[in-house]
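Engineer: Okay, here's the prediction I keep looking at, along with the sequence it came from:
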Amino acid sequence: MNSNPRNPNSQNSEPAALTPAPTRRAFLAGAAGLAGVAALWSFRRPATVDAADNNPGTVTIIQFGPDGKKIGKVTVPRVIKTDAEWKKQLSPISYDVTRHEGTERAYTGDTWNLHDKGLYRCICCDNALFSSDTKFESGTGWPSFWLPIARENIIERTDSSLGMIRTAVICRECNAHLGHVFEDGPRPTGLRYCMNSAAMHFVKLA
């Protein structure tokens, strides 16, 4: 999946104009603005690794019930299977996407144009990944979200394949490749989690 092209900002060679010293009110307003930027920046930082993740046998995630409600933080066994077991469990496209970092063709997945209310769970291990509450129409042909359901449930890491630098999104519980995240999404995060339908299954909520 490719990100939308971005043009570099032009450099202004003219010297900056002198401005008067800021007032105390301006200083406080600026500080508040920086605090807001810092809060949004937390969305852009890669998911942190919990202490439990130092154990290759366990991972810490946020669990959600069948009704879509948050249960809380739990430590569960990491899902590890052989290649043959994954191939037996998954469809060919889901196997290629999740276990070999493939990408489905745009507009071919079964959830890119889905508007029902529910949760998007990992096709490999059922880990909750995204909610329909943060899904939006990106015009790309892949299901897109501006925020994961829980930062603890995914991992973000640099992907330098295909001659470009991107940020890959991975399921924390089973290391399934899900898609990529780009910084051209809507407010409030400005992020576009561009996922593969083949990497997830949708659970409809009433």
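Structural biologist: Thanks, I have it.
Engineer: low-confidence ranges in the protein?
Structural biologist: The chain contains residues with pLDDT under 70 at 1-56.
Engineer: Run the chain-centre distance for stretch 155-174.
Structural biologist: Taking CA atoms, centre = their mean, to the nearest Å, the mean C-alpha location of stretch 155-174 is offset from the chain mean by 10 Å.
Engineer: One more: stretch 168-181?
Structural biologist: If you compare the mean C-alpha spot of stretch 168-181 with that of the full chain, they lie 8 Å apart, counting by CA atoms, centre = their mean.
Engineer: Next: stretch 110-117.
Structural biologist: Averaged C-alpha coordinates place stretch 110-117 at 17 Å from its chain's average position (CA atoms, centre = their mean).
Engineer: how long is that stretch from one end to the other?
Structural biologist: Terminal residues of stretch 110-117 lie 15 Å apart, using CA to CA, to the nearest Å.
Engineer: And for stretch 98-108?
Structural biologist: With CA to CA as the measure, the ends of stretch 98-108 fall 16 Å from one another.
Engineer: Quick one: residues in contact with that stretch.
Structural biologist: Stretch 98-108 has contacts (CB atoms under 8 Å, 6 or more residues apart in numbering) with 1, 83, 86-87, 90, 93, 96-97, 112, 123-124, 140-142, 159, 161, 168, 171, 176-179, 196-199. C-beta: built from backbone N, CA, C; applies to glycine.
Engineer: Just the buried residues out of these, in PyMOL syntax.
Structural biologist: The PyMOL selection below is limited to those of the contacts of stretch 98-108 classed as buried (16 or more other CB atoms under 10 Å):
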select buried, resi 1+86+90+93+96+97+112+123+124+140+141+142+159+168+171+176+177+178+179+196+197+198+199
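Engineer: among the contacts of stretch 98-108, which are in strands?
Structural biologist: Judged by DSSP state E, the subset of those located in strands is 159, 168, 171, 177-179.
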